[in-house]
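Q: Give me coordinates for this.
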Amino acid sequence: MSFFNKFFNREKKAELDKGLEKTKTTFFDKLAKAVAGKSTVDEEVLDEVESILISSDVGRETTVKIIDRITERVARDKYLNTNELNEILRSEIVNILAENNTGDIEDFSLPAAQKPYVLMVVGVNGVGKTTTIGKLAWQYKQQGKKVVMGAGDTFRAAAVDQLKIWSERVGCDFFSKGMEADPAAVAYETVQYAINNNCDVAIIDTAGRLHTKINLMNELTKIKRSISKKMESAPHDVLLVLDATTGQNAIEQARRFTEATELTALALTKLDGTAKGGVAIGISDQFKIPIKYIGVGEGIEQLQVFNKRAFVDSLFEKS
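A: Coordinates of the predicted model:
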């Protein structure tokens with residue numbers, strides 16, 4: 001059964017399939033072997049499925065939840081045929097993602113009432129934060145939006161320079177106060193710049209590494225407060241960028257940042273470079289934060305909104 005809707009075209013599907021190739025090959029092949037020669041979904045099959053989910057970095061807590069639900073459905077609906085296991089498993093994964101509002105947005109459109117739309121982006125160094133900002137800005141530019149990037153990671157010269165390069169590549173505005181400036185001041189003045197220059201979107205970068213969790217919490221709280229002083233309703237989203245190739249470490253990063261600030265959305269990068277794509281399921285389930293975007297390639301256009309049904313369909317299709 002196909003879950004693709006009118007908003008998910010063939011080109012996006014092909015990109016997603018290619019991006020998930022490593023994950024789906026490992027996942028689907030192992031699943032096929034687990035049920036080979038079996039006619040019923042017994043305890044041995046469920047043990048195999050549990051191992052497959054854990055090895056795909058779904059996470060133990062979420063895996064146990066999925067297995068428990070499958071067990072209940074087998075008992076309740078009398079599903080005994082292993083041919084039906086894929087559909088049951090697929091359905092339960094979609095349900096878990098739906099429970100956490102993951103995969104509900106359909107495109108990169110912005111709420112009309114929020115101008116400028118202020119997006120604060122957080123995440124550790126090396127996860128693809130700057131690249132994600134650039135790709136998001138490009139998507140907004142394709143809609144004819146005026147965008148400004150704010151260089152709030154003032155601890156690294158490279159961070160400011162990289163963001164400036166992306167702004168030039170995308171063709172959007174850039175605001176910076178240089179190295180060692182107060183990040184909260186940069187955030188405040190970026191929003192002021194967006195208002196003064198009639199920008200539709202302000203995307204504010206933040207530091208990727210601070211010495212302790214206390215420093216992280218204090219800095220992010222200060223930045224958010226500064227943004228809100230300039231525009232009461234902002235930031236409209238606080239986006240955490242995570243690297244899918246790090247698997248369970250991405251879950252640890254999500255835990256640290258949820259303790260540091262109130263996150264509203266997640267972006268999962270580098271899905272095309274890993275067999276650990278199952279981490280998307282675990283992160284969504286454990287932190288109750290919707291995954292909005294996924295990176296499925298290096299191209300500027302290869303950032304997608306996360307479509308839960310398309311993701312799960314792709315995961316279960318043969319390569």
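Q: Assign L85 to helix, strand or coil.
A: For L85, the secondary-structure state derived from DSSP: H, G, I helix; E, B strand; the rest coil is helix.
Q: in the sheet, who's paired with the residue most central in space within the chain?
A: Centroid-nearest residue in the chain, with Cα atoms, centre = their mean: A267, separated by 2.4 Å. Counting by DSSP bridges, A267 is bridged to V241, Y293.
Q: And the nearest residue to K30 once chain neighbours are set aside, its phi and psi?
A: Leaving aside its sequence neighbours, K30 sits nearest to I52 (Cβ to Cβ, 6 or more residues apart in numbering; 4.6 Å). To be clear about C-beta, it is placed using only N, CA and C from the backbone, and glycine gets the same treatment. Backbone geometry at I52, expressed as degrees, to the nearest 10, gives phi -60, psi -40.
Q: All the strands of this protein, in order from the start?
A: Using DSSP state E, the strands assigned to the chain run over residues 117-122, 147-150, 173-175, 201-205, 237-243, 265-269, 291-295, 303-305.
Q: Comparing these, which stretch has the densest surroundings?
A: For the strands of the chain, ranked by mean neighbour count under the definition mean count of other Cβ atoms under 10 Å, the leader is strand 201-205 at a mean of 30.
Q: Run through the neighbouring helices and strands of that one.
A: Applying 3 or more Cβ pairs under 8 Å, 6 or more residues apart in numbering; DSSP states H and E, one finds that strand 201-205 makes contact with strand 117-122, helix 129-142, strand 147-150, helix 183-196.
Q: Just put those in CSV and tack on distance to M217 and mean pLDDT.
A: As requested, the helices and strands packed on strand 201-205 are exported to CSV (distance: least, Cβ to Cβ, whole Å; pLDDT from 0 to 100):
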stretch, distance to M217, mean pLDDT
strand 117-122, 11, 97
helix 129-142, 18, 96
strand 147-150, 21, 98
helix 183-196, 14, 97
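Q: And the ones you listed: which comes nearest K12?
A: With Cβ to Cβ, the closest approach to K12 among these belongs to helix 129-142: 12.5 Å.
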